[in-house]
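**Q** below is the structure, and that's it, no one-letter string:
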């Protein structure tokens, strides 16, 4: 750009002032975001679980509140006639200049987009006025000297035991450990296979400087380096029954760490000065996890949405398959479609719902919002909610367009060669559990069938622990992830367990009651009869066998009522994001070494050994 043109572009005081207002709005948002993460440390130390959960829920709404606050400020301050195209073009340039040296430029750009798109008509969404692509680099952003993104520890210098203790104590938790020496010894034992007897000259631990808080746990996240090998690790810290701290286990398998950072879990609270540096570090541990999902699990879900959409547009540009109806049983409330080459599904709320569904679009959106703010305990898929999404019409199968026009005409608009969907949800694609079970049975794979039913029951029990009743418990409403975990994804009928009334079916009063095709007893709106679940779930003999073997308690009113009462009593259940079998408290003493075998009296060959 020539020097003659540049000053002319940057001549508007209005553009400069608006850019400053938006930047200040973002800085306020992130200041409050960090404060919530800092408060999480205090809640954890004092065991204030209800306060911690409330803070985590509240933080999710911070972003939208600050965006609306900023939009209101600008709309009150400026007349729409003042916001000409020239002002908008210059506004972006001023904003870019204000992000020089900023610690969080990528988040500030997304905040800018959110404010502008709340003011501008949607036809401006993809033009030069907003950040369609990132402009300011996040590479090598400097942190404050006293608060680096990660710290490095050298076990070859200080010794392994001292180093591990120092890693833990450097977080300066104010609650005492029950027996840190014991816990560190158990961690060291599991790390022994990686480091061996001799440490390489570069042997080190790199540990992120902030703890990751979620639910009733705090997590130390880092990686061990020895020679040319790297090993990710996570140390969960919990309270024991006496309120003292313990290292509960050490996660060393990448799959376990992936599940800890799963899209089915609540967002972490982490105090990050430079979020992009945390994302870069976590990607070195989980190279297959998209940056969008890492930003999201760190509580920066709007940035996650931005990156997801950019990835989606890039995929669309480099693919040619058609959007089509997703496989599986058609839902009564949602129309679901997918791009076969893209690992997500798109969900649109229908305009009308056949009996027995009695709901509205507003009620369904409220249920999805409830899940967004709730602890998903690894059993409910996170959703990305979008408005006014433009799709290339030629990429839609005609059958799908006909379905959309029939079931959701109010949400559909054709604009030139684009198909605009006014509101939709996007979720990670999974194999519907009913299809998983059918395929396993067809293949004669009883192990997969049993695994699916065990996981299905576990999913329901984890949801109950989080005060969630699924409502519609049919297998089609649950999906199987690539890690073979069963996850719930149909939210239009969920209720709080504490709002449900779990009842037994009354004994029939006479023969007419016994033979009646309809219930002869009154049923309230929130009444649930667990003994009836079997009629809908256990028609298949094999499924019934596996279900009764592992989860027969789900068919009893007593089990449900007992769990409801625990919640009403204020008890918050422990739901572990890793297998119970690897917890230190579940480790049995090693068995004595077997006596050496007697040497054979003569040599013999054993076939097929």
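**A** Okay, I see it. The model shown is predicted, which means the values in this text are computed figures rather than measured ones. Numbering: from 1, shown residues only.
**Q** how close does residue 557 sit to residue 534?
**A** 13 Å (C-beta to C-beta, to the nearest Å). For the C-beta atoms, the positions are set from N, CA and C on the backbone; glycine is no exception.
**Q** now swap in residue 392 and tell me
**A** Distance from residue 392 to residue 534, by C-beta to C-beta: 47 Å.
**Q** settle it for me: which of these two has more neighbours?
**A** For residue 392 and residue 534, the more surrounded residue by other C-beta atoms under 10 Å is residue 534, and the numbers stand at 15 against 12.
**Q** tell me the secondary structure of residue 387, please.
**A** What DSSP: H, G, I helix; E, B strand; the rest coil gives for residue 387 is strand.
**Q** who are the packing partners of the host helix or strand of residue 565?
**A** Element membership for residue 565, per DSSP states H and E: helix 557-568. Helices and strands touching helix 557-568, by 3 or more C-beta pairs under 8 Å, 6 or more residues apart in numbering; DSSP states H and E, are helix 446-465, strand 501-502.
**Q** give me the angle between that helix and helix 446-465.
**A** With axes from the mean of the first three to the mean of the last three C-alpha atoms, to 10 degrees defining the directions, helix 557-568 sits at 40 degrees from helix 446-465.
**Q** quick one: helix 557-568 to chain centroid distance?
**A** 27 Å (C-alpha atoms, centre = their mean, to the nearest Å).
**Q** swap in stretch 86-95?
**A** 35 Å.
**Q** can I get the helices and strands packed on helix 557-568 in a markdown table including distance to residue 493?
**A** Shown next, in a markdown table, are those (distance: least, C-beta to C-beta, whole Å):
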| stretch | distance to residue 493 |
| --- | --- |
| helix 446-465 | 13 |
| strand 501-502 | 16 |
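**Q** looking at those, which is buried most?
**A** Burial of the helices and strands packed on helix 557-568 is given as mean neighbour count (mean count of other C-beta atoms under 10 Å); helix 446-465 ranks first at a mean of 20.
**Q** returning to what we had before: would you list the helices and strands packed on helix 557-568 in a markdown table and tack on mean pLDDT?
**A** Shown next, in a markdown table, are those (pLDDT from 0 to 100):
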| stretch | mean pLDDT |
| --- | --- |
| helix 446-465 | 96 |
| strand 501-502 | 96 |
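**Q** can you say which of these is nearest to residue 231?
**A** In terms of C-beta to C-beta, the element of these nearest to residue 231 is helix 446-465, at 28.1 Å.
**Q** by contact count, what packs against the closest one?
**A** Checked by 3+ C-beta pairs under 8 Å, 6+ apart, helix 446-465 has helix 433-442, strand 478-480, strand 486-488, helix 541-551, helix 557-568 packed alongside it.
**Q** switch to 7 Å and redo it
**A** For helix 446-465, the packing partners by 3 or more C-beta pairs under 7 Å, 6 or more residues apart in numbering; DSSP states H and E come out as helix 433-442, strand 478-480, strand 486-488, helix 541-551.
**Q** looking at those, which is closest to residue 413?
**A** strand 478-480 (30.0 Å).
**Q** what packs against the closest one?
**A** By 3+ C-beta pairs under 7 Å, 6+ apart, strand 478-480 packs against strand 431-432, helix 433-442, helix 446-465, strand 486-488.
**Q** direction included, what does that strand pair against?
**A** Strand 478-480 has the following strand partners under DSSP bridges: strand 431-432 (antiparallel), strand 486-488 (antiparallel).
**Q** what separates the last one from the chain centre, distance-wise?
**A** In this case it means strand 486-488. 13 Å.
**Q** tell me which residues are up against that strand.
**A** 264, 379-381, 430, 433, 452, 455-456, 459, 463, 470, 477-481 (C-beta atoms under 7 Å, 6 or more residues apart in numbering).
**Q** which among those residues end up buried?
**A** 264, 379-381, 430, 433, 452, 455-456, 459, 463, 470, 477-481 (16 or more other C-beta atoms under 10 Å).
**Q** count the neighbours of the closest residue to residue 553 other than its chain neighbours for me.
**A** Of all residues not flanking residue 553 in the chain, residue 559 sits nearest, at 4.3 Å (C-beta to C-beta, 6 or more residues apart in numbering). When neighbours are counted by other C-beta under 10 Å, residue 559 registers 17.
**Q** now residue 559: how far from residue 359?
**A** 28 Å.
**Q** residue 34 now?
**A** 39 Å.
**Q** so what pairs up with residue 415 in the strands?
**A** Residues in beta-bridge contact with residue 415 (DSSP bridges): residue 418.
**Q** count of residues packed around it?
**A** Neighbour tally, residue 415, other C-beta under 10 Å: 11.
**Q** same deal with residue 403?
**A** Neighbours of residue 403 using other C-beta under 10 Å come to 19.
**Q** between the helices and strands packed on helix 446-465, which one is closest to residue 206.
**A** Across those, closest to residue 206 is strand 486-488 (C-beta to C-beta), at 31.8 Å.
**Q** buried stuff in the closest one?
**A** 486-488.
**Q** now pLDDT and distance to residue 206 too, for these, in JSON lines please.
**A** Shown next, in JSON lines, are these (pLDDT from 0 to 100; distance: C-beta to C-beta, whole Å):
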{"residue": "486", "pLDDT": "97", "distance to residue 206": "35"}
{"residue": "487", "pLDDT": "96", "distance to residue 206": "32"}
{"residue": "488", "pLDDT": "96", "distance to residue 206": "36"}
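**Q** returning to what we had before: need the strands paired with strand 478-480 in JSON lines with distance to residue 443, can you?
**A** Below are the strands paired with strand 478-480 laid out as JSON lines (distance: least, C-beta to C-beta, whole Å):
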{"stretch": "strand 431-432", "distance to residue 443": "14"}
{"stretch": "strand 486-488", "distance to residue 443": "18"}
